[in-house]
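Participant: Coordinates for the following, if possible.
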Amino acid sequence: MFGAFSWPAVASLGSGLLSLAFLAYVWPYRDEDGAGLFMMMIGAIALWALSYGVALLVFDPTLRVLFEIPIWLGTCFTSLLFLAFALEYTGRKSLVRSKAMAGVVALTLGFVGLIATNPRHHLVWSEYQITPTFGAATVAYTNEAWLFLILLTLMIFTAAAVLVLLETFVRYGPLYRYQTLALALSPVPIIPAILLWIFDAGPVAHLNLAPLVFPAHLGLDMYAFFRRNMFELTPATRRTGDQTAIDDLGIGVVIVDDKRRIINANEAATEIVDTPKQEFLGTSLDSIDLEITLDDDDQRVSRGKNRQREYAVTVSSIEDSADNTVGHTITLQDITTERQREQRLAVLNRILRHNLRNDLNVASGYLEVVADGTDNEEYADMLETAKRNTDSVLELGDKARMVERTLETEEMGTEPIPVAEFVAHVADPLVDEHGGGVDTEIPAGLTVDTNRQLLESVLSNLVENGLEHGKRGVTVTATAEGSTARIAVSDDGDGIPSHELGVIEDGQETDLEHGSGIGLWLVEWGTTALGGSVRYDAGPNGTTATVELPGVVDRKADRIDAESQREVES
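Facilitator: As a prediction, this is how the structure comes out:
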């Protein structure tokens, strides 16, 4: 019944034992993505190889045919588990647990059942007989149609797994490239061996060489495991992270191919179009009735049945390695609240600019006339206080309009600005208005490439604040370090109150009763828009505001030209 050990039997048994030994090394990683299925696949290979190795020792036809069941059980599930592993390892775990995969498992079990019952119906093979090769109990039989169908299906499983791994190899770059390539190539030694056996080709037609070449397959798996840390760096994390990032953006994302077919979308997008995702995918972009144009990256669309929502649409192209456009990514950002806020601010600004300002101008004029016409000193003082407060509110409105103009210039261009001449241009009218003086220590050649209107708003507010609160005037100094210019505005006043500086640093709203509060915000916003920063050093002997700006295009910091030192006096 049992023959002597032949070299094919020893080789097949050795392949099985090698698979079991490899399983022992993989066991500690069993909880990683794909590791469980990978171990099951190696187990199926071990079952295939060990069963075939023992079968090659059995010369009793009745007993020998029973070994075909574990042999084909291992064969079928090796391909199935390779596909399942490839899907889970590359981040497609949902497919492994899908109804489609359940159908694939049922089909595979059906194949095994068909093979197990073959002696009754002979649909898989017929005329089964032992034909020894190299002293091993190899068999010969007539291949029936179902055998070719089973092997074709298993080849399709394997090819699908290889394509999944190669897609990851191409898509995710060098981090996962070597292990995915090694895993994708691992079936290569086995497939030719099976083809030679099924078509009775080669010098040993009845000997299935697949179990004998398993060490080559395992060698590629071991390379991925031992040398490339395949379960420490899994592409599943990358793919899941990509999808999670899209889902967690908080905006709708739709991806279409070059024929405007929707191939992916996040949950936010399906909620916007009010269509289940399974009905959404595969349809044309035109079917969602949003009137989106792919060649315009700045669009607005409205959507909603009971409550209309407005969305900002951004379109970006997807290009392959040859710079060919293969699709587009479309984002839909809800700007309804933002638009309503802009409209409310526009209305309030118009009221502040026209109605309130006009009425306050009239009130200020009447207060001045009445104050000049009264002989009662107490009444005159009260009227003067009322006029001063009214003028303060008017000044607050002027500051607010300056903020608006400043923020509207964020996207304006830049130009080379000589700092010394520019500071003089800013300081002269302020000195005429407030009195005092402005001393400057600025290198004559210092020039920055920046936006003129923004820089003027920043410096005029700092100089004006120093003139209003300083005792003897303001000093403006400038230096350059690399491509960064530092402009410092210092006064000798009582210093900016710490609570005003605190709200600026914290980014929280402050009390806008005084114009200086808006001025500090304007300095903060303007400096940020210029790509720079501002720092305040306040103390009992005064305040120094240091503005750092990029864009130095010319500097002579090693000397201070005497001609650039000037004092502007009233």
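
Participant: How is the protein divided into domains?
Facilitator: Under the assignment automatic domain parsing, the domains of the chain span 7-239, 249-334, 339-406, 410-569.

Participant: Going by mean pLDDT, which of these comes out lowest?
Facilitator: Note on the domains of the chain: domain 339-406 shows the lowest mean pLDDT, a mean of 75.

Participant: and that domain, how far out from the chain's middle?
Facilitator: Taking Cα atoms, centre = their mean, to the nearest Å, the mean C-alpha location of domain 339-406 is offset from the chain mean by 49 Å.

Participant: for stretch 211-221, same thing?
Facilitator: 39 Å.

Participant: Just the endpoints, please. Distance across stretch 178-195?
Facilitator: End-to-end distance for stretch 178-195, by Cα to Cα, to the nearest Å: 27 Å.

Participant: One more: stretch 258-265?
Facilitator: End-to-end distance for stretch 258-265: 16 Å, by Cα to Cα.

Participant: If we go by neighbour counts, what in it is buried?
Facilitator: 262, 264-265 (16 or more other Cβ atoms under 10 Å). In this view, the C-beta of every residue, glycine as well, is placed from N, C-alpha and C.

Participant: can you give me the strands for the stretch 251-400 of the chain?
Facilitator: 252-257, 262-265, 299-303, 309-319, 325-334 (DSSP state E, counting those that start in this stretch).

Participant: what sits up against the last one?
Facilitator: Taking Cβ atoms under 8 Å, 6 or more residues apart in numbering as the criterion, the residues outside strand 325-334 that touch it are 249, 251-258, 263, 268-269, 272, 285, 290, 292, 294, 301, 309-320.

Participant: Please report how far the closest residue to Glu456 other than its chain neighbours lies from Ile198.
Facilitator: Residue nearest to Glu456 in three dimensions, not counting chain neighbours: Val426, with 5.9 Å by Cβ to Cβ, 6 or more residues apart in numbering. Using Cβ to Cβ, to the nearest Å, we find Val426 at a distance of 89 Å from Ile198.

Participant: which one of these two has more residues nearby?
Facilitator: Val426 (21 against 14; other Cβ atoms under 10 Å).

Participant: Which elements pack onto the strand or helix carrying that one?
Facilitator: Assigned by DSSP states H and E, Val426 belongs to helix 419-434. Applying 3 or more Cβ pairs under 8 Å, 6 or more residues apart in numbering; DSSP states H and E, one finds that helix 419-434 contacts strand 437-441, helix 452-469, strand 474-481, strand 484-491, strand 566-569.

Participant: And the ones you listed: which comes nearest Pro550?
Facilitator: strand 484-491 (6.0 Å; Cβ to Cβ).

Participant: angle of the closest one against strand 474-481?
Facilitator: 160 degrees (axes from the mean of the first three to the mean of the last three Cα atoms, to 10 degrees).

Participant: picking up where we left off before, how about the strands of the stretch 251-400 of the chain in JSON lines, adding distance to Arg388?
Facilitator: Shown next, in JSON lines, are the strands of the stretch 251-400 of the chain (distance: least, Cβ to Cβ, whole Å):
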{"stretch": "strand 252-257", "distance to Arg388": "53"}
{"stretch": "strand 262-265", "distance to Arg388": "61"}
{"stretch": "strand 299-303", "distance to Arg388": "46"}
{"stretch": "strand 309-319", "distance to Arg388": "45"}
{"stretch": "strand 325-334", "distance to Arg388": "46"}
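
Participant: So which of these is the most surrounded?
Facilitator: strand 252-257 (a mean of 20; mean count of other Cβ atoms under 10 Å).

Participant: give me the element Tyr536 is part of.
Facilitator: Short version, using DSSP H and E: Tyr536 is in strand 533-539.

Participant: which helices and strands does the next helix-or-strand element following that strand pack with?
Facilitator: Sequence order places strand 542-550 as the next helix or strand after strand 533-539, per DSSP H and E. Under the contact criterion of 3+ Cβ pairs under 8 Å, 6+ apart, strand 542-550 touches helix 452-469, strand 484-491, helix 515-529, strand 533-539.

Participant: Same list (the ones you listed) but as JSON lines, adding distance to Gly34 and mean neighbour count.
Facilitator: Below are the helices and strands packed on strand 542-550 laid out as JSON lines (distance: least, Cβ to Cβ, whole Å; neighbours: other Cβ atoms under 10 Å):
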{"stretch": "helix 452-469", "distance to Gly34": "55", "mean neighbour count": "22"}
{"stretch": "strand 484-491", "distance to Gly34": "50", "mean neighbour count": "22"}
{"stretch": "helix 515-529", "distance to Gly34": "47", "mean neighbour count": "20"}
{"stretch": "strand 533-539", "distance to Gly34": "48", "mean neighbour count": "15"}
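
Participant: How far does stretch 308-315 sit from its chain's centre?
Facilitator: With Cα atoms, centre = their mean, you get 20 Å for stretch 308-315.

Participant: Kindly export it (C-alpha atoms) in PDB.
Facilitator: Below are the C-alpha coordinates for stretch 308-315, written out as PDB (Å, rounded to 0.1, in the frame of the first residue of the first chain):
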ATOM      1  CA  GLN A 308     -31.700  76.200  -0.200                       C
ATOM      2  CA  ARG A 309     -27.900  75.900   0.400                       C
ATOM      3  CA  GLU A 310     -25.100  77.500  -1.600                       C
ATOM      4  CA  TYR A 311     -21.900  75.600  -2.400                       C
ATOM      5  CA  ALA A 312     -18.500  76.800  -3.600                       C
ATOM      6  CA  VAL A 313     -17.300  74.400  -6.300                       C
ATOM      7  CA  THR A 314     -13.600  73.800  -6.900                       C
ATOM      8  CA  VAL A 315     -12.400  71.500  -9.700                       C
END
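
Participant: any idea how far Ile198 is from Asp295?
Facilitator: For Ile198, the distance to Asp295 - Cβ to Cβ - is 54 Å.

Participant: and what of Leu20?
Facilitator: 60 Å.

Participant: sorry, back to before: now, among the buried residues of stretch 258-265, which is nearest to Leu47?
Facilitator: Asn264 (38.8 Å).

Participant: My impression was that Tyr128 belongs to a helix - is that right?
Facilitator: No. Assessed with DSSP: H, G, I helix; E, B strand; the rest coil, Tyr128 is strand; it does not lie in a helix.

Participant: count of residues packed around the nearest residue to it once chain neighbours are set aside?
Facilitator: Excluding the flanking residues, the one nearest Tyr128 by Cβ to Cβ, 6+ apart is Tyr141, at 4.5 Å. Around Tyr141 there are 18 other residues, counting by other Cβ under 10 Å.

Participant: just checking, Tyr141 touches Thr131?
Facilitator: No. Between Tyr141 and Thr131 there is no contact under Cβ atoms under 8 Å: 9.4 Å.

Participant: what's next to stretch 92-111, contact-wise?
Facilitator: Contacts of stretch 92-111 (Cβ under 8 Å, 6+ apart): 33, 37, 72, 76-77, 80, 83-84, 87-88, 150, 153, 157, 164, 236, 239.
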